[in-house]
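*Asks:* Provide a 3D model corresponding to the input given below.
(one chain, ligands or ions: 3)
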Amino acid sequence: MNLRTPDKRQEYRVRSYEVRKRILVTGGAGFLGSHLTDRLLEQGHEVICADNLFTGTKRNIDHLHDNPRFEFMRHDVTFPLYLEVDEIWNLACPASPIHYSHDPVQTTKTSVHGAINMLGLAKRLRCPIFQSSTSEVYGDPAVHPQREDYWGNVNPIGPRSCYDEGKRCAETLFFDYYRQHQLEIKVARIFNTYGPRMHPNDGRVVSNFIVQALRGDPITIYGQGQQTRSFCYVDDLIDGFLRLMASEPGFPGPVNLGNPGEFTIRELAEKVIDLTGSKSQLVFRPLPQDDPMQRQPDITLAREKLGWEPKVQLEQGLQNTIEYFDALLKA
Ligand code: NAD
Ligand code: UDP
Ligand code: UDP
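*Replies:* Ligands and ions are numbered 1, 2, ... in the order given. Next comes the predicted model:
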């Protein structure tokens, strides 16, 4: 078999997943972590989910309660963790501005001490480790779209800094462990992702707009709604995660994972109103400090190295997410 082309290599590596592994997912009770856990269990692996339930919820993993290959462990990653696993996925960290600015010191600790502890664990076990980094490392970007070699434009002392700089420092640690201790690392820079199991109250734009539309409340546009974001559906993102972890050992990333389709926030509001048939009105509120004006991933590297690109259109993804929130609000 020719393993040199990404597709062939991918095929081979995905098949190698048929070997059952013990896998640690930190932040596994959160939005992305619970979807990742589902996919790893579907592949036949054992999953240990370590989560302090700060923003995650047992509701996201309730359906796994009877699965003998799943284990939940209430644990804060700022403390050391000693267990034996074959692979680590480090997702633990509050991700929405409301949550990460609630206790900014704890947010930085989670990114930095959490990374040190998980890297220390990976170093002892000599096992691969994945880091969920973020497009926020680019800050309010001065180049557009953002490629991985752009160093970013981040305010080090602003209200978003605990998250942005925490994640930047975590990347530094990952790359230092990679160079200094030859760890196998995989760093993904995730762009705005949405889908079922997002928090209804975390203030992120997709969940806010859908919940407001379903309740018939005013849709709150910050600023004039001309700022842009690129929205990736969760299933596409998790596919990218798995491909990154399965990529050649010498490829540490960082690699952008996101959907390059770019929409203004106003366009998003209009799509949500259309799809829900809501009578909600648009209202305009002040733009938060340091809110990036545009954000769009350049996913050339992910296409080349992972053979990955998102497939789910915004309308389809929004429809699935609306169905989830509709059921949640009626429950
Ligand atoms: P989430 O808030 O749903 O999940 C984060 C999980 O981490 C939660 O279950 C929470 O309880 C847990 N957690 C927080 N602090 C912890 C700690 N100290 N110890 C143990 N567990 C802790 O958010 P998400 O959207 O699923 O994000 C998952 C990861 O992906 C985060 O690292 C986030 O920074 C990153 N990310 C997400 C997005 C996105 O659009 N969703 C974008 C960029 C990066
Ligand atoms: N660590 C952990 N589990 C392990 C091994 C290490 O949580 O199985 C933590 C521990 O808190 C340690 C950190 O990871 O401080 C970094 O480990 P490393 O070996 O890199 O550094 P050191 O132990 O020398 O501080
Ligand atoms: N936003 C908005 N109304 C809301 C929530 C968010 O207009 O009710 C805007 C926000 O100002 C930002 C964009 O939507 O420009 C995306 O916000 P989110 O918090 O989802 O993600 P991030 O800013 O981290 O990309």
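*Asks:* just the helices in the stretch 151-300 of the chain please.
*Replies:* 161-181, 205-215, 234-245, 265-276, 300-306 (DSSP state H, counting those that start in this stretch).
*Asks:* Only the buried residues of the last one, if you could.
*Replies:* The reference is to helix 300-306. Buried residues in helix 300-306, counting neighbours by 16 or more other Cβ atoms under 10 Å, are found at Leu301, Ala302, Lys305, Leu306. To be clear about C-beta, it is placed using only N, CA and C from the backbone, and glycine gets the same treatment.
*Asks:* Quick check: nearest residue in space to the second one, chain neighbours excluded?
*Replies:* Closest residue in space to Ala302, ignoring its immediate chain neighbours: Trp308 at 4.8 Å, by Cβ to Cβ, 6 or more residues apart in numbering.
*Asks:* show me what contacts that neighbour?
*Replies:* Trp308 is in contact with Asp239, Gly240, Arg243, Leu244, Leu257, Ile299, Ala302, counting by Cβ atoms under 8 Å, 6 or more residues apart in numbering.
*Asks:* Closest to ligand 3 out of those residues?
*Replies:* Leu257 (14.6 Å; Cβ to the nearest ligand atom).
*Asks:* The nearest residue to the closest one once chain neighbours are set aside: how many residues sit nearby?
*Replies:* Closest residue to Leu257 apart from its sequence neighbours, by Cβ to Cβ, 6+ apart: Gly240 at 4.1 Å. Residues lying near Gly240 (other Cβ atoms under 10 Å) number 24.
*Asks:* ok now do Leu257, which residues does it touch?
*Replies:* Applying Cβ under 8 Å, 6+ apart, we find Leu257 in contact with 188-191, 232, 237, 240-241, 244, 297, 299, 302, 308.
*Asks:* Tell me the bridge partners for it.
*Replies:* Ile190 (DSSP bridges).
*Asks:* where does Ile322 land in three-state SS?
*Replies:* Assigned with DSSP: H, G, I helix; E, B strand; the rest coil, Ile322 falls in the helix class.
*Asks:* Please apply the same query to Ala50.
*Replies:* strand.
*Asks:* pLDDT score assigned to the closest residue to it other than its chain neighbours?
*Replies:* Excluding its sequence neighbours, the residue lying closest to Ala50 (Cβ to Cβ, 6+ apart) is His75, at 4.2 Å. We have a pLDDT of 98 for His75.
*Asks:* likewise Leu318?
*Replies:* pLDDT for Leu318: 98.
*Asks:* same deal with the one 4 residues further on?
*Replies:* Ile322 carries a pLDDT score of 98 in this model.
*Asks:* Not counting residues beside it along the chain, what's closest to Arg204?
*Replies:* Among residues not flanking Arg204 along the chain, Ser96 sits closest, at 4.9 Å (Cβ to Cβ, 6+ apart).
*Asks:* confidence score at that neighbour?
*Replies:* Confidence at Ser96, expressed as pLDDT, is 91.
*Asks:* Would you agree it is in contact with Pro200?
*Replies:* No - Ser96 is beyond contact range of Pro200, at 11.4 Å (criterion: Cβ atoms under 8 Å).
*Asks:* Which of those two has more residues huddled nearby?
*Replies:* Neighbours per residue, other Cβ under 10 Å: of Ser96 and Pro200, the larger number sits with Ser96, 20 against 13.
*Asks:* residues touching that one, list them.
*Replies:* So Ser96 contacts Thr55, His199, Asp202, Gly203, Arg204 (Cβ under 8 Å, 6+ apart).
*Asks:* Can you tell me which of those is nearest ligand 1?
*Replies:* Distance to ligand 1, by Cβ to the nearest ligand atom, is smallest for Thr55 among these, at 3.4 Å.
*Asks:* Look up how far Gly120 lies from that closest one.
*Replies:* 24 Å (Cβ to Cβ, to the nearest Å).
*Asks:* Show me which of these two is the more surrounded one.
*Replies:* Taking other Cβ under 10 Å, Thr55 and Gly120 do not tie; Thr55 has more neighbours (21 against 15).
*Asks:* SS state for that one?
*Replies:* coil.
*Asks:* quick one: contacts for it?
*Replies:* Going by Cβ under 8 Å, 6+ apart, Thr55 touches Gly30, Pro94, Ala95, Ser96, His99, His199, Asp202.
*Asks:* How about Phe70?
*Replies:* Counting by Cβ under 8 Å, 6+ apart, Phe70 makes contact with Thr37, Leu41, Glu46, Val47, Cys49, Ile61, Leu64.
*Asks:* Next to ligand 1, which bits of the stretch 151-300 of the chain? Give me the list.
*Replies:* Applying Cβ under 6 Å from any ligand atom, one finds that the stretch 151-300 of the chain approaches ligand 1 through Ile190, Asn192, Thr193.
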